[in-house]
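Colleague: Dropping a prediction and its sequence here:
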Amino acid sequence: MEANGAMRLAMRLKRSAIVQMLKSTIPDGQELVRRLWTIPGNLEQVVGQTVGQAVEESQLEATRHCERVLMSLPPDAGVCRHALIDAELRIAEVTDMYSETMRALRRTANANVRLAVTYVQGP
């Protein structure tokens, strides 16, 4: 059997085992579906807090570093000074990337839960 096919089979068996375990733990299919739909919100909250804090700390440290370098530059370092100022502006743009990352997380989590719900509610 091809490695890719074997991997798909193993994943299908694993998924079936997980669903059966969940069904035996939570006999009511609607309760399982309800719990599955709590995953995206919980995931977004945990990831949002963690990534948000990391982004904030990184931005602060990068800004401090740029300011230290700017202070150490000689007065005639025009091009370098402009490059560092531009870098500081780009550091602020990380917040936009964070927002897009969180939107992508939300879309992906919802799509995966939708698939899981379809699988659980299937025949």
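Modeller: All right, it came through fine.
Colleague: For residue 5, see how far away residue 15 is.
Modeller: Separation of residue 15 from residue 5 (Cβ to Cβ, to the nearest Å) stands at 16 Å. All C-beta atoms are positioned from the backbone trio N, CA, C, and that covers glycine.
Colleague: So if I had to pick from those two, which one is more boxed in?
Modeller: When residue 15 and residue 5 are compared for neighbours, residue 15 comes out ahead with 13 against 9, by other Cβ atoms under 10 Å.
Colleague: Thought residue 119 was touching that one, still the case?
Modeller: Yes - with contact defined as Cβ atoms under 8 Å, residue 15 counts as touching residue 119 (7.2 Å).
Colleague: joint contacts of the two?
Modeller: The contact sets of residue 15 and residue 119 do not overlap (Cβ atoms under 8 Å, 6 or more residues apart in numbering).
Colleague: I'd like to know which elements the lowest-mean-pLDDT helix or strand in the chain is packed against.
Modeller: Sorted by mean pLDDT, DSSP states H and E, the helices and strands of the chain end with helix 3-25, the least confident at a mean of 71. Counting contacts by 3 or more Cβ pairs under 8 Å, 6 or more residues apart in numbering; DSSP states H and E, helix 3-25 packs against helix 29-36, helix 94-121.
Colleague: ok now it, how far from the chain's centre?
Modeller: Computed by Cα atoms, centre = their mean, to the nearest Å, the separation of helix 3-25 from the middle of its chain amounts to 24 Å.
Colleague: again, but for stretch 28-47
Modeller: Chain-centre distance of stretch 28-47: 16 Å, with Cα atoms, centre = their mean.
Colleague: And stretch 105-123, by the same measure?
Modeller: Relative to the mean C-alpha coordinate of its chain, stretch 105-123 is positioned 17 Å out (Cα atoms, centre = their mean).
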